[in-house]
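Participant: I need the structure of the sequence given here:
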Amino acid sequence: MDGGLIMDKWARDQVKAFFGRYEFQCECCGREEMDSDFLLRLSIARAEAGVQFIINSGWRCVPHNREVGGVPDSAHKHGYAVDIKAIDSETRFKIIRALLLAGFNRIGIGRDFIHVDSDPDKPAGVVWLY
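Facilitator: Predicted coordinates:
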């Protein structure tokens, strides 16, 4: 967790309570450069949701982002985004509600996943469909 805030022990423990570092690693190269503030807010959302967050995609290197069809300026490449598995409407609702309560304001909804990001270079207060 190199970017963002330098997390104190409490914050690190909150992230570790719900996620393993491997969950955010790039499938291509194994690197992980997630923003610390993003991970803390994601952990807060996970606690609020009361359902497991299964991370389908976390940090992505440039080649992997291109391989999966990610946009060139993807927030995944900067450690500001994850895709969370969500295959039913009840789970989807719990996740989205918790993300909003945790302060996230960029959410994309797919058929079987929810994208959330906190990229400071992108418009806030948006929800989109895939």
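Participant: can you list contacts of stretch 79-99?
Facilitator: Under the criterion Cβ atoms under 8 Å, 6 or more residues apart in numbering, residues 2-4, 24, 33-35, 38, 42, 45-46, 48-51, 53-59, 74-76, 107, 109-110, 112-120 lie in contact with stretch 79-99. For the C-beta atoms, the positions are set from N, CA and C on the backbone; glycine is no exception.
Participant: again, 7 Å this time
Facilitator: The set of residues external to stretch 79-99 that reach it, using Cβ atoms under 7 Å, 6 or more residues apart in numbering, is 3, 33-35, 38, 42, 45, 48-51, 53-59, 74-75, 107, 112-119.
Participant: which residues of the chain fall in strands?
Facilitator: All strands of the chain, identified by DSSP state E, fall at 55-57, 81-85, 106-109, 113-117, 126-129.
Participant: save the ones you listed as CSV, and put in distance to Gly70 and mean pLDDT too.
Facilitator: Formatted as CSV, the strands of the chain follow (distance: least, Cβ to Cβ, whole Å; pLDDT from 0 to 100):
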stretch, distance to Gly70, mean pLDDT
strand 55-57, 9, 97
strand 81-85, 9, 98
strand 106-109, 12, 98
strand 113-117, 10, 98
strand 126-129, 14, 98
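Participant: rewinding a little: narrow the contacts of stretch 79-99 to those that are buried.
Facilitator: When burial is judged by neighbour count using 16 or more other Cβ atoms under 10 Å, the buried members of the contacts of stretch 79-99 are 3, 33-35, 38, 42, 45, 48-49, 51, 53, 55-59, 74-75, 107, 113-119.
Participant: hang on, the earlier thing: adding distance to Asp13, write the strands of the chain out as JSON lines.
Facilitator: Written out in JSON lines, the entries for the strands of the chain read as follows (distance: least, Cβ to Cβ, whole Å):
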{"stretch": "strand 55-57", "distance to Asp13": "19"}
{"stretch": "strand 81-85", "distance to Asp13": "20"}
{"stretch": "strand 106-109", "distance to Asp13": "26"}
{"stretch": "strand 113-117", "distance to Asp13": "22"}
{"stretch": "strand 126-129", "distance to Asp13": "31"}
